[in-house]
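Engineer: sequence and predicted structure, then a few things I'm wondering about:
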Amino acid sequence: MAEKRQFQAIKGVRDILPPESALWNRVEQTAREVFGTFGFAEIRLPIFEDTELFARSVGQETDIVSKEMYTFVDRPLELPAKPTMGEIPGYIEAIGHLMHSGAIPKSQANVERLKFLTDEIKELYPLFEKSVERYADRLLVLSYAIEDFQLGPEISLRPEATASVVRAYTEHGMQTLPGNVKLYYMGPMFRRERPQKGRYRQFYQIGAEVLGSSDAPGIDAEVIEMLLAFFERLKLKGAVLHINSIGDKNCRPAYVERLHAELQKVREQLGADSQRRIETNPLRVLDSKLEHEQAIIEKLPRIADHLCAECRAHYDEVKRQLALRGIAYQENWRLVRGLDYYMRTTFEITAPGLGSQNAVCGGGRYDGLVELLGGPATTKGIGFAIGTDRLVLSLQESGVGEVSGGPARPAGGLDVYLAWFGAAAQTAAVGLARRLRDAGFVVELPAVEMKFGKSLGLADRLKARHAVILGEDELAAGVVAVKRLADGTQQKLAEQDLFSHLRAARDF
Ligand code: HAM
C-alpha cells in the first residue's frame, strides 16, 4: 500500500463549511431574488477562458493580468502521450499533422521548431550508422527540444467575469434581443494574490452587467440602486458608496499625460511600485495606500477638472439620478479601479469589519469593451462585482450573519431522529422516513440497528428536536413514540397525528 499522506487545502484557498455555507446560500438566494425584481437573469459562465480574452479586456499591464492569473497551456486530446526516446520521431510527425489541422497553434515559433526538428530527424538515422553514442546524445537534445512546443491554446482561470459576459454576449448575438440585456452571475474567481483576511486566491463574486445601446446615466444609477437594495435586504450595516468619473477616450488621454508629467516631477519621492506605474499606468498611482505618498498624491491634478463636456454632463446626471433615488454617495477622485476597461462612471462600496480589504464591491461603465472584443461598437456596458467572501465576513462581524445548524448539520437543524429496533421496524421506519421527508421534515435514519441508549444518545448529540421511536410494541399498536428532546416529554401518536405534532413544534 502507498505511504499514507494527509492533505491540506492549497495556500489562499479554503473550504466553506456548514453552518457558514447556509449564510452563503442565504446571500446568494437574496441576490437572485433582488436582482430578479430588476429584470436580471442568471448567466453561468466557464471557469476558464482564452488568456487573450482577459489580457485584452482587463489589460496587459494590470496587476491581474501581468502577475495574478493562473495560466496553463492546453493540449489536443489526439496528441500521443509523452514519448519515450524511441517514439520521438513519431511524436514529431504527429505534431506536424495536428499543426496542419489547426489543433496545435500554427505560431511562428511552432512552425520554426517543427522545421528544425524535422531536419534533425532526417540527420538522425545516418548518425546511428556512424556512432550509437552520438545518436543517443542527439536524441536527448531532441527530447528537450520538443518540450518547447506550445501544444495548445493558452488558457487562464478567470480572474473576473465581465470579460466572459461580454464574450458570451457577442458569441450568442444578444445584441438582437429587445431592450437592455441584464445578466447576473455568481461563482469562484482566481487571482494569485498574497492571502490575508478578506483576500484569497480562490474567491467568490456575485456580479451583474447591463449591456445595450444606451449609456443613459439612469442605468448607472439603477444598477447602484439594485446593489444597495440587495445590501439592505441582507441588513448589511455601514456600507458607503464611493463614486467617480474617469472620463472617456476623448478626455482621459490628455489628463493621463498631465498626470504623467506631474508624476515625473515627484518621481524620486515615490516608492518603487508607484515609480514603475508612472510608465505602465499612471492612473494607478492614485490607488496607492502608502502613507508617505498620500500628501504627494493629494496635490496631483484631478480628473474632475479635466473631463470633456460630454463626460461632465454624464457624471452630473449620474449624481442627479442617484439623488432622485435618495442614494447617498461620496465622491472620490482617486477611485480609478484596477482594470483597464472602465470609462466614465466608476464606483466602489466599502463595508466595516474588513480591515484593509474593505471594498466589498467594485464596478463601473465599460462602453468600449464590447467593440474591443469584436462585438457591435454601439453596445455600451456597466456592471459590478461583489466580493462574496468579504460580504459574508462583514455580515458576520456586524452580527447579522447568524445561521442555525451546527458543524456539518443541515441549516434548519434536525426535526426527527428516527430510532428503530428490530428488522420489521426498520422496514416501517424506511417508509415513515420517506413520508416525513416528502412533507419537508429533516430526518436522520440510523443505517444500522443500535442499542436504545446509544441511539437516543446520538439523537441528543445531533440536537434533533424529536426522537421518534419505532419498536415491535409500537409497530403492533400502530403508533410511534415521540420524545421531545428539549424536555424529555414523551407520548404515543398515530402517524397522521405525528405530522401535525411535528409541524406545530416547528412553528413555535
Ligand atoms: P474588482 O474590483 O477586481 O472588479 O473585484 C470586485 C470585488 O471582488 C472587490 O471589490 C472585492 O470585494 C472582490 N475581490 C477581488 N479580489 C479578491 C480577492 N483576492 N479575495 C477576495 N475578494 C476579492 C471586478 O472584478 C470587475 N469585474 C467588476 C465589474 C463588473 N465591473 C464591471 N462589471
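Structural biologist: On my side now, so go ahead.
Engineer: quick one, strands of the stretch 151-300 of the chain?
Structural biologist: Assigned by DSSP state E, counting those that start in this stretch, the strands in the stretch 151-300 of the chain fall at 154-157, 181-190, 202-212, 240-245.
Engineer: what's the answer for the stretch 401-508 of the chain, then?
Structural biologist: 416-420, 443-444, 466-470, 480-484, 490-493.
Engineer: export those as a markdown table, with columns for mean neighbour count and mean pLDDT.
Structural biologist: Any C-beta I mention is one placed from the backbone N, CA and C, and that applies to glycine too. Output for these, formatted as a markdown table (neighbours: other CB atoms under 10 Å; pLDDT from 0 to 100):
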| stretch | mean neighbour count | mean pLDDT |
| --- | --- | --- |
| strand 416-420 | 26 | 97 |
| strand 443-444 | 19 | 97 |
| strand 466-470 | 24 | 97 |
| strand 480-484 | 19 | 97 |
| strand 490-493 | 14 | 96 |
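Engineer: of the strands of the stretch 151-300 of the chain, which stretch is the most buried?
Structural biologist: strand 202-212 (a mean of 23; mean count of other CB atoms under 10 Å).
Engineer: quick one: it to strand 181-190, angle?
Structural biologist: Using axes from the mean of the first three to the mean of the last three CA atoms, to 10 degrees, the interaxial angle of strand 202-212 with respect to strand 181-190 works out to 160 degrees.
Engineer: pLDDT weak spots in the stretch 151-300 of the chain?
Structural biologist: Along the stretch 151-300 of the chain, the model assigns pLDDT under 70 to no residue.
Engineer: so which residues on it come close to the ligand?
Structural biologist: Counting by CB under 6 Å from any ligand atom, the stretch 151-300 of the chain comes close to the ligand at 160, 162, 191, 193, 198-200, 203, 205, 207, 209.
Engineer: could you single out the nearest of the residues you listed to residue 343?
Structural biologist: residue 162 (13.1 Å; CB to CB).
Engineer: now do the contacts for the closest one.
Structural biologist: Counting by CB atoms under 8 Å, 6 or more residues apart in numbering, residue 162 touches 57, 207, 209, 339, 341, 366, 369, 381, 383, 385.
Engineer: quick one: closest of the strands of the stretch 151-300 of the chain to residue 495.
Structural biologist: strand 181-190 (41.2 Å).
Engineer: and the residue of the stretch 251-400 of the chain closest to the ligand?
Structural biologist: residue 387 (2.2 Å; CB to the nearest ligand atom).
Engineer: and that residue, bridged to which residues?
Structural biologist: When bridges are taken as DSSP bridges, the partners of residue 387 come out as residue 205.
Engineer: tell me the helix or strand right after the helix ranked longest in the chain.
Structural biologist: If you go by DSSP state H, the chain has its longest helix at helix 108-130. Note on helix 108-130: by DSSP states H and E, the next helix or strand toward the C-terminus is helix 132-145.
Engineer: run the chain-centre distance for that following helix.
Structural biologist: 46 Å (CA atoms, centre = their mean, to the nearest Å).
Engineer: in that helix, what counts as buried?
Structural biologist: By neighbour count on 16 or more other CB atoms under 10 Å, the buried set for helix 132-145 is 135, 138-139, 142-143.
Engineer: max pairwise distance over the residues you listed: which two?
Structural biologist: Across these (CB to CB), the longest gap, 12.8 Å, separates 135 and 143.
Engineer: tally of neighbours for residue 266?
Structural biologist: Close neighbours of residue 266, defined as other CB atoms under 10 Å, add up to 16.
Engineer: from the ligand, how far out is residue 24?
Structural biologist: The gap separating residue 24 from the ligand is 14 Å, by CB to the nearest ligand atom, to the nearest Å.
Engineer: so that residue belongs to a helix, correct?
Structural biologist: Yes. Looking at residue 24 with DSSP: H, G, I helix; E, B strand; the rest coil, it is inside a helix.
Engineer: quick one: residues contacting residue 449.
Structural biologist: 420-422, 426 are the contacts of residue 449 under CB under 8 Å, 6+ apart.
Engineer: generate the PyMOL command that creates a selection of the buried members of these.
Structural biologist: The PyMOL command for the buried members of those (criterion: 16+ other CB under 10 Å) is given here:
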select buried, resi 420+421+426
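Engineer: hmm, who's touching the host helix or strand of residue 349?
Structural biologist: Assigned by DSSP H and E, residue 349 falls within strand 345-350. By CB under 8 Å, 6+ apart, the residues outside strand 345-350 that reach it are 217, 220, 224, 227-228, 231, 239-246, 314-315, 318, 329, 332, 335-337, 358-365, 382, 384.
Engineer: from those, which would you call buried?
Structural biologist: 217, 220, 224, 227-228, 231, 239, 241-246, 314-315, 318, 329, 332, 335-337, 358-365, 382, 384.
Engineer: so who does the most centrally placed residue in the chain touch?
Structural biologist: With distances taken as CA atoms, centre = their mean, the residue of the chain nearest its centroid is residue 188 (2.5 Å). By CB under 8 Å, 6+ apart, the contact set of residue 188 is 47, 202-204.
Engineer: which of the residues you listed sits closest to the ligand?
Structural biologist: Using CB to the nearest ligand atom as the measure, the one of the contacts of residue 188 that approaches the ligand most closely is residue 203, at 3.4 Å.
Engineer: just to check, that closest one is in contact with residue 195?
Structural biologist: No. Using CB atoms under 8 Å, residue 203 makes no contact with residue 195, being 9.8 Å away.
Engineer: and the closest residue to residue 269 other than its chain neighbours, how far from residue 286?
Structural biologist: Leaving aside its sequence neighbours, residue 269 sits nearest to residue 296 (CB to CB, 6 or more residues apart in numbering; 5.7 Å). Separation of residue 296 from residue 286 (CB to CB, to the nearest Å) stands at 11 Å.
Engineer: residue with max distance from the center of this structure?
Structural biologist: Quick read of the chain (CA atoms, centre = their mean): farthest out is residue 130, 59.7 Å.
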